[in-house]
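Enquirer: My questions concern the predicted model and sequence given below.
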Amino acid sequence: MSEQPILYWMRRDFRLADNPALSACVGRPVIPVVIRDTETRALGAAPAFRWGRAVENFSKNFAALGGQLVLGSGDALEVLTDLVARTGATKVVWNRLYDPQAQARDCEVKASLKARGIAAESFNAHLIFEPWTVETGTGGYYRVYTPFWKAVRERDVPAPLPVPRLTFPTDWPKSETLADWALDAPMQRGAAVVGQHLLLGEGAARARLDEFLDRRAARYKDERDFLDLDATSGLSEPLAYGEISPRTCWHEGWRAMQGSGGKGAEHFLKELVWREFAYHLMFHSPEILSRNWRPDWDGFPWARDPEAATRWTRGQTGVEIVDAAMRELYVTGRMHNRARMLVASYLTKHLMVHWQVGMDWFADTLTDWDPASNAMGWQWVAGSGPDAAPFFRIFNPETQAEKFDRRAVYRNHWLRGAGARDFAAAIPLSWDLADSPRPMIGLAEGRERALAAYAGLKG
């Protein structure tokens, strides 16, 4: 065994199983490195808080194997080159990310390390199908989900890798601590509340997957939209931080589909591919993160109404299903997917507030925040994104509540029950909230106003 260590740069891959970069370290002492650089400093309050919990949890699991995590702050290249000098490492490995900032950073790091004579290698661990591996018949990228799903459905997917047998150096470089980073601070009072709702770590993620596929997958397609049921996989959070691999989910989902899971398990696979499609779009059209994916939307007359946006973020719209969902988000760091569509539709269509306001709020409050899924979801609902029927889909919150929360279990919990008390314990003391706020606009009036604005955009 060579005694020259390998630096393993961790970003969103906090697991041992099916971790290609970590497996590439077998046979050499491995030093895992976590860097709080510009990109991680830019994370919103809840994603940074959850990322810190992922680091902490993995550190404990890694310590049980006899290893340590080395934490450092600053420019990623500078931290890595300093560690190379201090440890004698001759290679740096990592698992790839796909947002434009990470791509630019990683390309610079790889080129600079190689120029210094340090080997650098990256791997796929965050996706099933990397964006450049899926092309249309003419060589372009897919802009519509269904053809994308058909293109990848029957592809061979490599089996997940086992937990590698690792070795460690006898001397470890000095490390910063998570306490130094104070990642909980922006959460204020909310940290203690949201922390109770985390699905944290590799073991918990795998247990959740197994339980979902064994007990609920068969009913998933029929029940996943009901707000009062625990019918979804709940895996968006561990997938976002790499505490479970999408390949593991894919293979287990296929097994369930061929067994008792049937059509429900197949729909679970489609949701995994919806996540893949979001990355496909982000990679090939990175403008989806910051401006209208459809350029013809640049002239849409979004309302400039800060009060409307504030009332929406605080669950004070006066529309019960919307306000309940916004409270769920603030208390748990997550939101049911059906509720995400409802609150996004209400903000962008009934209130006509720009989708980026909602996207930014989710980026600050979601513990399962994912750059590609967040951007695509908001633009899809708003009408400016990849949807075959972009604007005419205006959800009526009242009829949606009657359909998907028939007995008002969800609304009562978040507006009048234990969820309401948790919300009061999590919010800043400066928020002055009304008990029963009046609706800001009639639902029919809001719908007609939005459709008229859209008609004006199309001329």
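Expert: Yep, that arrived. None of the values given here were measured: they were computed from a predicted structure.

Enquirer: What strand or helix carries residue 232?
Expert: Here residue 232 sits in a region with no helix or strand, counting by DSSP states H and E.

Enquirer: Give me the buried positions along stretch 248-257.
Expert: 248-254, 256-257 (16 or more other CB atoms under 10 Å). C-beta here means a position set from N, CA and C on the backbone, and glycine is covered the same way.

Enquirer: Identify those among those that sit within strands.
Expert: If you go by DSSP state E, the buried residues of stretch 248-257 have nothing in strands.

Enquirer: need the contact list for residue 263.
Expert: Residues in contact with residue 263 (CB atoms under 8 Å, 6 or more residues apart in numbering) are 221, 257.

Enquirer: What residues sit buried inside stretch 261-271?
Expert: 261-262, 264-271.

Enquirer: List just the nearest of the residues you listed to residue 336.
Expert: Using CB to CB, residue 271 is the member of the buried residues of stretch 261-271 that lies nearest residue 336, at 13.3 Å.

Enquirer: Now the two most distant members of the buried residues of stretch 261-271.
Expert: So, the buried residues of stretch 261-271 by CB to CB: farthest apart are 262 and 271, at 15.3 Å.

Enquirer: quick one: which of the buried residues of stretch 261-271 sit in helices?
Expert: Counting by DSSP state H, the buried residues of stretch 261-271 place 262, 264-271 in helices.

Enquirer: residue contacts, residue 204?
Expert: By CB under 8 Å, 6+ apart, residue 204 lies in contact with 238, 243.

Enquirer: Quick one, grab the pLDDT at it.
Expert: Listed pLDDT for residue 204 reads 98.

Enquirer: Quick check: closest non-adjacent residue to residue 423.
Expert: Nearest residue to residue 423, sequence neighbours excluded (CB to CB, 6 or more residues apart in numbering): residue 327, at 4.5 Å.

Enquirer: what does residue 282 give?
Expert: Closest to residue 282 by CB to CB, 6+ apart is residue 372, at 4.1 Å.

Enquirer: any residues touching the helix or strand containing that neighbour, and which ones?
Expert: Assigned by DSSP H and E, residue 372 belongs to helix 371-382. Outside helix 371-382, the residues that touch it by CB under 8 Å, 6+ apart are 98-99, 236, 275, 277-279, 281-282, 288-289, 292-293, 340-341, 344-345, 348-349, 355-356, 358-359, 362-363, 366, 385-387, 393.

Enquirer: State which strand of this protein is the longest.
Expert: For the chain, the longest strand by residue count, based on DSSP E, is strand 30-36.

Enquirer: For the helix or strand just after it, name the packing helices and strands.
Expert: The helix or strand immediately downstream of strand 30-36 is helix 38-41, counting by DSSP H and E. Using 3 or more CB pairs under 8 Å, 6 or more residues apart in numbering; DSSP states H and E, the elements in contact with helix 38-41 are helix 100-115.

Enquirer: Just the mean pLDDT for the helix it packs on, thanks.
Expert: 98.

Enquirer: which parts of it are buried?
Expert: So, applying 16+ other CB under 10 Å, buried residues of helix 100-115: 102, 105-106, 109-110, 113.

Enquirer: Let me see the contact set for the residue most central in space within the chain.
Expert: Centroid-nearest residue in the chain: residue 370, 2.6 Å away (criterion: CA atoms, centre = their mean). Residues counted as contacts of residue 370 (CB under 8 Å, 6+ apart) are 236, 239-240, 275, 278.

Enquirer: In the record's domain split, what are the boundaries for this protein?
Expert: The record's domain split for the chain, according to automatic domain parsing, is 1-125, 127-158+199-284, 289-458.

Enquirer: for the protein, what spans make up the strands?
Expert: Assigned by DSSP E, the strands in the chain fall at 6-10, 30-36, 70-73, 91-95, 119-123.

Enquirer: my guess is residue 127 contacts residue 98, does it?
Expert: Yes. In terms of CB atoms under 8 Å, residue 127 counts as a neighbour of residue 98; the distance is 7.3 Å.

Enquirer: any common contacting residues for those two?
Expert: Residues touching both residue 127 and residue 98 (CB under 8 Å, 6+ apart) are residue 279.

Enquirer: ok, residue 455 to residue 449 distance?
Expert: In this structure, residue 455 and residue 449 are 11 Å apart, going by CB to CB, to the nearest Å.

Enquirer: Those two - which one has more neighbours?
Expert: Neighbour tally, residue 455 and residue 449, criterion other CB atoms under 10 Å: the higher count belongs to residue 449, 17 against 10.

Enquirer: The more buried one: what's it in contact with?
Expert: Applying CB under 8 Å, 6+ apart to residue 449 gives the contacts 352, 441.

Enquirer: In contact with residue 441, which residues?
Expert: Counting by CB under 8 Å, 6+ apart, residue 441 touches 350-351, 449.

Enquirer: low pLDDT regions in the stretch 1-150 of the chain?
Expert: Where the stretch 1-150 of the chain drops to pLDDT under 70, the residues are 1-2.

Enquirer: ok so, going back, now the angle from the helix holding residue 372 to helix 100-115?
Expert: Angle of helix 371-382 versus helix 100-115, following axes from the mean of the first three to the mean of the last three CA atoms, to 10 degrees, is 160 degrees.

Enquirer: Show me how far helix 371-382 is from its chain's centre.
Expert: Put simply, helix 371-382 sits 11 Å off its chain's centre (CA atoms, centre = their mean, to the nearest Å).

Enquirer: Equivalent analysis for stretch 431-448, please.
Expert: 29 Å.

Enquirer: Check stretch 45-61 too.
Expert: That offset, for stretch 45-61, works out to 14 Å (CA atoms, centre = their mean).

Enquirer: Could you list the buried residues of it?
Expert: For stretch 45-61, the buried set under the neighbour-count rule, 16+ other CB under 10 Å, comprises 45-55, 57-59.

Enquirer: so which of these would you say is closest to residue 34?
Expert: Distances from residue 34 to the buried residues of stretch 45-61, taken by CB to CB, are shortest for residue 55, at 5.5 Å.

Enquirer: hmm, back to that, can you list the strands that the longest strand of the chain pairs with?
Expert: strand 6-10 (parallel), strand 70-73 (parallel) (DSSP bridges).

Enquirer: quick one: contacts of it?
Expert: Contacts to strand 30-36, defined as CB under 8 Å, 6+ apart, come from residues 5-10, 22, 55, 62, 67-74, 76, 79-80, 83, 87, 89, 166-169, 172-173, 181.

Enquirer: quick check: angle from it to strand 91-95?
Expert: Going by the same axes, to 10 degrees, strand 30-36 makes 60 degrees with strand 91-95.

Enquirer: Just give me how far strand 30-36 sits from the chain centre.
Expert: Distance of strand 30-36 from the chain centroid (CA atoms, centre = their mean) equals 22 Å.

Enquirer: now do stretch 329-347
Expert: 14 Å.

Enquirer: Now distance to residue 323 too, for the buried residues of helix 100-115, in TSV please.
Expert: What follows is those, written out as TSV (distance: CB to CB, whole Å):
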residue	distance to residue 323
102	35
105	39
106	41
109	45
110	47
113	50
